[in-house]
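**Q** Only the shape, not the letters, is given here:
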């Protein structure tokens, strides 16, 4: 089964979702933004529902995920909002966020996660060249504005990540109102809603849909949402080991949406896929003899190697990364991403974990946006 349409990270946003809500509570330390649900959207015509793809149908339900606490001083808020700019054609937006490290907040009142249609993404790491570890990422979803979010925390690492602005209630129809103060403040939530990114230590994390993933709250862990864990890893981990430790300390919630799985990689060449099989973490670290890993929209842990070639995006990545012995540069990563792009690919990003740089291409445009962390 190749997932070619998409479901928003329902409870993925539940943890940014049990909470980044549109209201901000003023405090002595600045403003606390709680992560909230994205606006619901109707099922697009012709999309594949969970029922027709063989996944159990989902219904919106109460969220138990803890929200993220994202604190900024008034001066940091003003600087973040003033940094907003738009560039290129197709347009890519940019935002510079500064504030405190993301922390898990106190439990929030139960909220409801919304459900959308399944989507697909492709991620890979190429680690055959010790002098250049590359990660490629296609984000395939509904057409919405996208932003590069460059974050600087008070006591932690800098990071750069990508955010679909519909997750902060700025879909295309709302974007012209970004000059309105109340609307513009929604941008402050983008820091907690990135779906892939890299920090200054050369650690990458990205997510994709996994319709087989099932999460259970494990004893002794804190429940967060599937998107919230991305920000926690970027703010608190330095390498793959640190990222895995963050997953061990937290249970993920997928209520109201599909499950998710993750690819993490660092500049040493270490990488791992992280999946949830019947609520239990399943970690597959890259073998030394295989200079690449790929993540698509099927569960690696429960799919025998011979059956993985039924998934064409995975197969193309395997063939090309094996042929190149995992040695590619940013241009090569973008060519491979172009080979596996879908009609709804919203952005392609090539992360050089060694150099701390990323090249982003919006939609099928030719313009390349280059950044360093």
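**A** That came in fine, so what should we check first? Remember, predicted model here, so these are calculated numbers, not experimental data. Numbering: from 1, shown residues only.

**Q** Surely residue 238 is in a strand?
**A** No. Per DSSP: H, G, I helix; E, B strand; the rest coil, residue 238 lies outside any strand segment and is coil.

**Q** Kindly state the pLDDT recorded for it?
**A** As predicted, residue 238 sits at a pLDDT of 98.

**Q** burial count for it?
**A** Counted with other Cβ atoms under 10 Å, the neighbours of residue 238 add up to 15. All C-beta spots, glycine's among them, are computed from the backbone N, C-alpha and C.

**Q** again, but for the one 4 residues further on
**A** Taking other Cβ under 10 Å as the neighbour definition, residue 242 ends up with a count of 15.

**Q** One more: residue 130?
**A** Residue 130 has 12 nearby residues by other Cβ under 10 Å.

**Q** now swap in residue 134 and tell me
**A** Residue 134: 28 surrounding residues under other Cβ under 10 Å.

**Q** how near is it to residue 233?
**A** According to Cβ to Cβ, to the nearest Å, residue 134 and residue 233 sit 19 Å apart.

**Q** Likewise for residue 252?
**A** For residue 252, the distance to residue 233 equals 12 Å [Cβ to Cβ].

**Q** Show me which of the two is the more surrounded one.
**A** Between residue 252 and residue 233, counting by other Cβ under 10 Å, residue 252 is the more crowded of the two (30 against 27).

**Q** Next, the more buried one: secondary structure please.
**A** Reduced to three states by three-state DSSP, residue 252 is strand.

**Q** so it touches residue 276, yeah?
**A** Yes. Using Cβ atoms under 8 Å, residue 252 makes contact with residue 276 at a distance of 6.6 Å.

**Q** other SSEs contacting the helix or strand where residue 208 lies?
**A** Using DSSP states H and E, the element containing residue 208 is strand 204-209. If you count contacts as 3 or more Cβ pairs under 8 Å, 6 or more residues apart in numbering; DSSP states H and E, strand 204-209 packs onto strand 121-129, strand 132-140, strand 196-199, helix 228-236, strand 260-265.

**Q** Need the residues touching each of residue 252 and residue 276.
**A** Common contacts of residue 252 and residue 276 (Cβ atoms under 8 Å, 6 or more residues apart in numbering): residue 215.

**Q** pLDDT score for residue 129?
**A** For residue 129, the model assigns a pLDDT of 96.

**Q** List phi and psi for the residue lying closest to it once chain neighbours are set aside.
**A** Once flanking residues are discounted, residue 129 sits nearest to residue 327: 4.4 Å by Cβ to Cβ, 6 or more residues apart in numbering. With angles defined as degrees, to the nearest 10, residue 327 sits at phi -110, psi 100.

**Q** any weak-confidence spans in the stretch 201-350 of the chain?
**A** Low-confidence segments of the stretch 201-350 of the chain, defined by pLDDT under 70: 255-257.

**Q** Could I get the full set of helices for it?
**A** Remark: helices assigned in the stretch 201-350 of the chain by DSSP state H, counting those that start in this stretch are 228-236, 240-249, 312-323, 330-339.

**Q** Counting by contacts, list what the last one packs against.
**A** Counting contacts by 3+ Cβ pairs under 8 Å, 6+ apart, helix 330-339 packs against strand 121-129, strand 132-140, helix 312-323, strand 345-352, strand 357-362.

**Q** same check, this time on the first one
**A** Using 3+ Cβ pairs under 8 Å, 6+ apart as the contact definition, the elements that helix 228-236 packs against are helix 12-15, strand 68-72, strand 159-164, strand 196-199, strand 204-209, helix 240-249, strand 250-253.

**Q** Could you do the longest one as well?
**A** Under the contact criterion of 3+ Cβ pairs under 8 Å, 6+ apart, helix 312-323 touches strand 121-129, strand 292-295, helix 330-339.

**Q** Given the shortest one, what are its sheet partners and their directions?
**A** Strands flanking strand 292-295 in the sheet, each with its direction: strand 121-129 (antiparallel) (DSSP bridges).

**Q** chain center to the partner strand, what's the gap?
**A** In terms of Cα atoms, centre = their mean, to the nearest Å, the centre of strand 121-129 is set 16 Å apart from its chain centre.

**Q** which of the helices of the stretch 201-350 of the chain sits most buried?
**A** Comparing the helices of the stretch 201-350 of the chain by mean neighbour count (mean count of other Cβ atoms under 10 Å), helix 228-236 ranks first with a mean of 27.

**Q** Would you mind getting the angle between that one and strand 68-72?
**A** Here helix 228-236 points in a direction 50 degrees away from that of strand 68-72 (axes from the mean of the first three to the mean of the last three Cα atoms, to 10 degrees).

**Q** Other residues contacting helix 228-236?
**A** Here helix 228-236 has contacts from 12, 15-17, 35, 65, 67-68, 101-102, 104, 151, 153, 156-157, 159, 161, 191-199, 203, 205-207, 224, 242-243, 246-247, 250, 252, 262, 264, using Cβ under 8 Å, 6+ apart.

**Q** Across the sheet, point out what pairs with residue 280.
**A** residue 277.

**Q** Please apply the same query to residue 134.
**A** Beta bridges link residue 134 to residue 126, residue 352 when assigned by DSSP bridges.

**Q** Not counting sequence-adjacent ones, nearest residue to the residue positioned nearest the centre of the chain?
**A** Taking Cα atoms, centre = their mean, the centroid of the chain lies closest to residue 195, which sits 1.6 Å from it. In this structure, residue 195 finds its nearest non-sequential neighbour in residue 207, 5.7 Å apart by Cβ to Cβ, 6+ apart.
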